[in-house]
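S.K.: 3D model of this:
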Amino acid sequence: MRVRFAPSPTGQLHVGNARTALFNWLLARSAGGTFVLRIEDTDVERSTAESERAIVEDLRWLGLDWDEGVERGGDRGPYRQSERTHIYRAHAVELLSRGQAYQCFCPSEQLEMDRYTALREGRPPKYAGRCREIPRADARARVDRGEPAVIRFRVPEGRDVLFQDLVRGEVGVSTDVIGDPVLMRSDGTPAYNFAVVIDDALMEITHVVRGEDHISNTPRQLLLYEAFGWRAPAFAPVSLVLGPDHGVLSKRHGATSVAEFRARGYLPEAFANYLALLGWSPGGDEELLPLEELTRRFRIEDVGRSAGVFDVEKLAWVNRHYLKQAPPDRLVALALPYLQREGWIAAPGPAAVDFLASVVPAAAASVDRLEQVPARLRFLFDYSAARALGDTAVRAEADAARPVVQALAEEAAGDRPLADREAFRAMVARVRERTGQKGKSLLHPIRLALTGEAEGLELDVAVPAIERGSRLADSGVCRIPGAAARAAAFRDALAESRP
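M.R.: Numbers count the residues shown, from 1 in each chain. Take a look at the predicted model:
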């Protein structure tokens, strides 16, 4: 088995294309086959090297590797269409010589008018065949005089093109509704349907897994396989990825590219796991499966015909699972750029890395994606008693809890360090004894005073983290005030705000 993924480097890797790549990879790996990465860059105006590099990076980020293709090589290359133009031209000449292709001189204005007329009259908007019967000698002479021409394939008339679709079963199309497709444009570049057939045939691709929007291309491509005497691959068009409104996933739905989801802090294993579930089920009750297990279970025949709806909430659920499983050192490395973006951390030293490894997992366990980690750790790096009391509701609650705030400041100022849960809980018990408060009336004012926030990590996790952070020095981390300093600052700011 040989399969391929052949993106156009004209932008970022779209979620739908990423799923197609994943299905091809799973199919190849499940069958012990070969996965080929080919770049279809004949759109000269829009294709860029930057886009190709980004696509390659996104594929690697997803955990997909390839056996042949760009950056890897192989004996069936080149693997960029822009480097294969001579191959396409030679095959076009072959069809011309056998009368299975012809040169067309129709101007674009005429073609557009024909298309408009056909649609208005309810006919298929296919090429009218004006240049079909031009003698080859006359066509050659016109080309020699410099007249621009495309090369069209001569579609056989009055036939049905039948093929087995691995997802939908048998499909048939009459050639009466298929116009003669362009093989080579007047500028010498190949049209998609021509190049893809030649590439797949010469690269010996056995299975073509691609979006169902290519179903209409399949009959034209099969006719080309037949014209060259080549065996066609098996086709498996998979459903499109839709947005929540059941329209094709697009920018109006938010993020649509792999790069955007990467930037937001989704883990690659979570994203790949979720993509696999769009239009395919691994069977059983389990959905959270690593690539190795997805590979073991994958069968292209099990891909559904119904479109997969991209559900960001389910993606978040999958990502939360993998965030909780990730080791602390990996979470620190992945979350660090988001923390640095806030200006809280420069180049962390060993002590800072150890400190982050003790707090980042706790924050990551309560978010959907890593870009949300800074908001969960703001209490550590960006504490301000005055800012907290600037909130009317916070000030009102703190006013009502002045005895708790005062007792907290006095107890925190003692010589008992609060660097672990037991020490913090013991301090809370002493404040409770002094004030008679308990439950929310006790703990919420303490949270406000020590974190400056109304909610967040469990206090017996947050406060020891504050204490440990306050002891960091020259570690690449901004200054973190300790619990005693915070309690005193909050008490004093509250006193100054008294009406």
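S.K.: mind saving the C-alpha coords of the lengthiest helix in the chain as CSV?
M.R.: In the chain, taking DSSP state H as the definition, the longest helix is helix 15-31. Extracted as CSV, the C-alpha positions of helix 15-31 are listed here (Å, rounded to 0.1, in the frame of the first residue of the first chain):
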residue,chain,number,x,y,z
VAL,A,15,-8.0,21.5,10.0
GLY,A,16,-9.7,19.6,7.2
ASN,A,17,-6.5,19.0,5.3
ALA,A,18,-4.8,18.0,8.6
ARG,A,19,-7.4,15.3,9.1
THR,A,20,-6.9,14.1,5.6
ALA,A,21,-3.2,13.8,6.2
LEU,A,22,-3.9,12.0,9.5
PHE,A,23,-6.3,9.5,7.8
ASN,A,24,-3.7,8.8,5.1
TRP,A,25,-1.0,8.3,7.7
LEU,A,26,-3.2,6.0,9.9
LEU,A,27,-4.1,3.9,6.8
ALA,A,28,-0.4,3.5,5.8
ARG,A,29,0.8,2.7,9.3
SER,A,30,-2.1,0.3,10.0
ALA,A,31,-1.3,-1.6,6.8
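S.K.: Check the gap between the residue nearest to Ala6 when sequence neighbours are not counted and Glu433 for me.
M.R.: Using C-beta to C-beta, 6 or more residues apart in numbering and skipping the chain neighbours, the partner closest in space to Ala6 is Arg38 (4.3 Å). Glycine gets a C-beta too; all of them are placed from N, C-alpha and C. Distance of Arg38 to Glu433, computed by C-beta to C-beta, to the nearest Å: 73 Å.
S.K.: Neighbour count: those two, which is higher?
M.R.: Arg38 (25 against 11; other C-beta atoms under 10 Å).
S.K.: For that one, list the residues it contacts.
M.R.: Arg4, Phe5, Ala6, Gly69, Val70, Tyr79, Arg80, Gln81, Asp199, Met203 (C-beta atoms under 8 Å, 6 or more residues apart in numbering).
S.K.: Now that we have those, which of them are buried?
M.R.: Buried by 16 or more other C-beta atoms under 10 Å: Arg4, Phe5, Ala6, Gly69, Val70, Tyr79, Arg80, Gln81, Asp199, Met203, out of the contacts of Arg38.
S.K.: ok, of those residues, which one's closest to Ala454?
M.R.: Ala454 lies nearest to Phe5 out of the buried ones among the contacts of Arg38, by C-beta to C-beta, at 48.2 Å.
S.K.: And the residue nearest to that closest one when sequence neighbours are not counted, how close does it get to Leu377?
M.R.: Once flanking residues are discounted, Phe5 sits nearest to Ala21: 4.3 Å by C-beta to C-beta, 6+ apart. The spacing between Ala21 and Leu377, counted by C-beta to C-beta, is 35 Å.
S.K.: Over to Arg341?
M.R.: When C-beta to C-beta is the yardstick, Arg341 and Leu377 sit 13 Å from each other.
S.K.: One more: Arg19?
M.R.: In terms of C-beta to C-beta, Arg19 sits 33 Å off from Leu377.
S.K.: same thing with Asp165?
M.R.: Distance, Asp165 to Leu377, using C-beta to C-beta: 51 Å.
S.K.: more neighbours, the two?
M.R.: Neighbour comparison, Asp165 and Leu377: the larger count goes to Leu377, with 26 against 16 (by other C-beta under 10 Å).
S.K.: mind checking the SS state of Val161?
M.R.: strand (DSSP: H, G, I helix; E, B strand; the rest coil).
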